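give me the fold of what follows.
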Amino acid sequence: MAKAIHMMVRVLDEAKSVEFYRNVFGLEIEDRFEFDGFTLIYLKNPENDFEVELTVNHDQREPYTHGDGYGHLAVSVDDIESEHARVSELGVAPTPVKEFHRDGALMAKFFFVQDPDGYKIEVLQRHGRYS
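Presented below is the predicted three-dimensional model:
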């Protein structure tokens, strides 16, 4: 069976991206590998083994376009309201908290933020399938 180990996004400014993922999600640099034309930075936190890989292409000068294929990364938190307030205080500008209901029951409670390169990250209340 396959095991998910990381997701990768291309970023323009390593320092801004590392700071964003550290401040907003508590991800720290696990490994950093510099090559001739690019650098790979692997971020994770103690909660799990899944990593976010930031790829910095040294010759990239313009922001990346995401096209219409990229969706989002999702993370779960214990208290969506306090996390929304904390992220707001960081100046990240999260979307309002929303709820999805299905068959009369709460399915998901969430908000979105964007990293410095415009990648969307969904923050979900730990509940049901999103625990």
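
give me the longest helix you can find in the protein.
As assigned by DSSP state H, the longest helix anywhere in the chain is helix 14-25.

now that one: mean pLDDT?
Helix 14-25 comes out with an average pLDDT of 97.

what comes into contact with the top strand by length along the chain?
Longest strand in the chain by number of residues (criterion: DSSP state E): strand 105-114. By C-beta atoms under 8 Å, 6 or more residues apart in numbering, the residues outside strand 105-114 that reach it are 24, 72, 80, 84, 87, 92-101, 120-125, 127-128, 130. All C-beta spots, glycine's among them, are computed from the backbone N, C-alpha and C.

same check on stretch 43-50?
Contacts of stretch 43-50 with the rest of the structure, by C-beta under 8 Å, 6+ apart, involve 4-7, 18, 21-22, 25-30, 51-54.

circling back to that earlier point, in the longest strand of the chain, what's buried?
Judged by neighbour count using 16 or more other C-beta atoms under 10 Å, the buried positions of strand 105-114 are 108-111, 113.

any idea of the angle the longest helix of the chain forms with strand 105-114?
When axes from the mean of the first three to the mean of the last three C-alpha atoms, to 10 degrees is applied, the directions of helix 14-25 and strand 105-114 differ by 150 degrees.

just put the buried residues of strand 105-114 in CSV and tack on distance to residue 45 and pLDDT.
Below are those laid out as CSV (distance: C-beta to C-beta, whole Å; pLDDT from 0 to 100):
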residue, distance to residue 45, pLDDT
108, 22, 94
109, 22, 95
110, 19, 94
111, 19, 97
113, 16, 97
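
ok, so of those residues, who is nearest residue 67?
residue 113 (20.2 Å; C-beta to C-beta).

any idea how far the closest one lies from residue 121?
5 Å (C-beta to C-beta, to the nearest Å).

quick one: common contacting residues for those two?
Between them, residue 113 and residue 121 have residue 24 as joint contacts when contacts are counted by C-beta under 8 Å, 6+ apart.
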